[in-house]
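S.K.: model this:
(one chain, ligands or ions: 1)
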Amino acid sequence: MSKKRKFGKCNLCLKENWLCKSHIYPKAFVNHLRDKKVDNIFLVLSDIILKKSKQDGPKEYLLCEKCETHIKLYEDYYKEFFIDKKNISLKQIENGLIHISGYNYKKLRLFLLSVLWRTSITSLENWHIELSTIDQELLRNAILNDIPGSYDFFPFYTFLIQIDGHNESSFFMNPFDSNVPIDNCVFMYIFGVLYMFSKTSINERFTQLNSLTREKWICNIKNIKEVPILLEKIKSINIDKS
Ligand SMILES: [Zn+2]
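M.R.: Sure thing, here's the model as predicted:
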C-alpha cells in the first residue's frame, strides 16, 4: 500500500476518508516480477514482439485504507495461489486443459471479481472498462460483503497462454472489451493468464464446464497464435513503440 494519500470518497465503502493510491493490478505481483533490467524493453519470441509494460503498474486514489486492506487479503491469497502454488493440485488433462483443485474458492473468485471491478472504477486512460451502473453496484456489494457468488455471477473463462511452448508469466497488458467470441466480454491478460469475463452479471453463453467452480477450475492452455484477439491487441500496441 502506498503511503501517499488524498481525501475523498472511497469507491468500495462509499465513506469520505483518506484514500490510498491503489493499484489496478496487484502491486505484489508487479513487485514480485519487477526486474529493473528489463523495464520497458521488447521481448522477442519467434515472430511475436511483446512490449513489456512499465513495471510499476497503473495506480490511482480509489480506496480508503480499510478497504485497501480488505482487498489485499484476496490479493495475498492469489499470490499464494499463483506464485507459491500453496496447497493446490494441478493436473493436466486431455485437450489442452488444466484441472486445478484445492484452492480457496471464495478468496480466489473475489480477487478476480475485484480486478474486474477496479477496471470499472478507474479513470486511468486505457485501463477503464465501462460497466453498467447496476453491474458495477452488484460487484461493489459482492466485494464489500465477501460474497463470491457461483460460477454464473459475472462468469469467466481462463486461458493459460503459451508462447513457443512456455508461459510468459511476467507479461500483463491493459484490459479490453469485445463482442467476440461472446457478446459483452472483457479480456484481461494478467501475468500470462488471459481471463475472459462477462461484462454483465448474467451471461448465459458461459457454461459451468470451463469455469471456476467451488470444486474445480478448468483452465484452457492456448498457444498465443490460437488466440487471434490477443495477438491482434499485442500487435496494435507495438505499432506505437516510438
Ligand atoms: Zn472504504
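
S.K.: for stretch 95-108, give me every contacting residue.
M.R.: 73-74, 77-78, 81, 87-93, 146, 148, 160, 210, 212-222 (C-beta atoms under 8 Å, 6 or more residues apart in numbering). To be clear about C-beta, it is placed using only N, CA and C from the backbone, and glycine gets the same treatment.

S.K.: out of these, which sit inside strands?
M.R.: The strands, defined by DSSP state E, take in 89-93, 160, 217-222 from the contacts of stretch 95-108.

S.K.: so where's this structure shaky on pLDDT?
M.R.: Residues of the chain that meet the criterion pLDDT under 70 lie in 1-4, 27-57, 237-242.

S.K.: around the ion, which positions in it sit nearby?
M.R.: 10, 12-13, 64, 67 (C-beta under 5 Å from the ion).

S.K.: at 6 Å what do you get?
M.R.: 10, 12-13, 15, 63-64, 66-67 (C-beta under 6 Å from the ion).

S.K.: the residue nearest to Ile221 when sequence neighbours are not counted: neighbour count?
M.R.: Nearest residue to Ile221, sequence neighbours excluded (C-beta to C-beta, 6 or more residues apart in numbering): Gly96, at 4.4 Å. Close neighbours of Gly96, defined as other C-beta atoms under 10 Å, add up to 15.

S.K.: over to Arg205?
M.R.: Neighbour tally, Arg205, other C-beta under 10 Å: 11.

S.K.: my guess is Ile234 contacts Phe171. True?
M.R.: No - applying C-beta atoms under 8 Å, one finds Ile234 not in contact with Phe171, separated by 9.1 Å.

S.K.: just the helices from the chain, written as ranges.
M.R.: 27-33, 65-82, 105-121, 133-144, 228-239 (DSSP state H).

S.K.: out of these, flag the one nearest Asp177.
M.R.: Closest approach to Asp177 among those (C-beta to C-beta): helix 105-121, 9.5 Å.

S.K.: hang on, the earlier thing: most tightly packed of the helices of the chain?
M.R.: helix 105-121 (a mean of 21; mean count of other C-beta atoms under 10 Å).

S.K.: out of the residues of the chain next to the ion, which are buried?
M.R.: Buried members of the residues of the chain next to the ion, counted by 16 or more other C-beta atoms under 10 Å: 10, 12, 63-64, 67.

S.K.: now render these as CSV, adding distance to Leu124.
M.R.: Output for those, formatted as CSV (distance: C-beta to C-beta, whole Å):
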residue, distance to Leu124
Cys10, 17
Leu12, 17
Leu63, 14
Cys64, 19
Cys67, 18
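
S.K.: between those, which is closest to Leu131?
M.R.: Leu12 (14.9 Å).

S.K.: measure the residue lying closest to that closest one once chain neighbours are set aside to Gly165 for me?
M.R.: In space, and not counting its chain neighbours, Leu12 is closest to Cys67: 4.0 Å by C-beta to C-beta, 6+ apart. For Cys67, the distance to Gly165 equals 41 Å [C-beta to C-beta, to the nearest Å].
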